[in-house]
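Novice: Only the shape, not the letters, is given here:
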């Protein structure tokens, strides 16, 4: 039987905790979605970066389409899906590296890494970036958890 190699929620409790944290932060979500705070293309780059780490096929598809609609070139989207930042705006690359680090550490970045990003962008902007990361991580893990159940009932034929 093939092993399932994508990140999933380890328990329903973990999923509920993530969703509760998101729903209790509705003001930050509204601020994130305002186009003057974090530009939509930047937000999509962050989401694609986290999705590349977590490998959710549903989020990859949806956010690749949204990124195209936001004017991000196909080649850059392909690079982001591979965890590379060639073609991304230089100003955004430190944030994308942070998003990658954040995702690799399951939303628990090293403090010194976070402090450097806060120094570069400011705490308010980093908090909004982290809200985007938290939103997409929850979507990634929910999608992957669903796929894990499909994998189990298909006797490992779904990788």
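Specialist: In hand now; what should we look at? All of these numbers come straight from a predicted model, not from anything done at the bench. Numbering: from 1, shown residues only.
Novice: Any idea which helix or strand in the chain has the lowest mean pLDDT?
Specialist: Lowest by mean pLDDT, DSSP states H and E among the helices and strands of the chain is helix 26-33, with a mean of 90.
Novice: Can you give me the pLDDT of the residue most central in space within the chain?
Specialist: Nearest to the geometric centre of the chain sits residue 50, at 3.0 Å (C-alpha atoms, centre = their mean). If you check residue 50, the pLDDT there is 98.
Novice: One more: residue 159?
Specialist: Residue 159 carries a pLDDT value of 54.
Novice: And residue 1, by the same measure?
Specialist: Reported pLDDT for residue 1: 49.
Novice: hmm, back to that, list the contacts of the helix or strand following the least confident helix or strand of the chain.
Specialist: Moving toward the C-terminus from helix 26-33, the next helix or strand (DSSP states H and E) is helix 40-54. Applying C-beta atoms under 8 Å, 6 or more residues apart in numbering, the external contacts of helix 40-54 come out as 6-7, 32, 38, 59-60, 63-64, 66-67, 70-72, 77, 80-83, 88-89, 92, 95-96, 99-100, 102-104, 129, 132-133, 135-137, 140-141, 144. Glycine gets a C-beta too; all of them are placed from N, C-alpha and C.
Novice: Check which element follows helix 40-54 along the chain.
Specialist: Downstream of helix 40-54, the first helix or strand assigned by DSSP H and E is helix 57-69.
Novice: Just list what the helix or strand following that next one packs against, helices and strands only.
Specialist: Moving toward the C-terminus from helix 57-69, the next helix or strand (DSSP H and E) is helix 74-81. Applying 3 or more C-beta pairs under 8 Å, 6 or more residues apart in numbering; DSSP states H and E, one finds that helix 74-81 contacts helix 40-54, helix 57-69.
Novice: report the angle between the axes of the first one and helix 57-69?
Specialist: Which is helix 40-54. 160 degrees (axes from the mean of the first three to the mean of the last three C-alpha atoms, to 10 degrees).
Novice: circling back to that earlier point, could you say which of the helices and strands packed on helix 74-81 is packed most deeply?
Specialist: Burial of the helices and strands packed on helix 74-81 is given as mean neighbour count (mean count of other C-beta atoms under 10 Å); helix 40-54 ranks first at a mean of 24.
Novice: If you compare the directions of that helix and helix 74-81, what angle comes out?
Specialist: 40 degrees.
Novice: Can you point out the buried residues in the host helix or strand of residue 137?
Specialist: Here residue 137, judged by DSSP H and E, is contained in helix 123-153. Residues of helix 123-153 classed as buried: 125-126, 128-145, 147-148, 151 (neighbour count, 16 or more other C-beta atoms under 10 Å).
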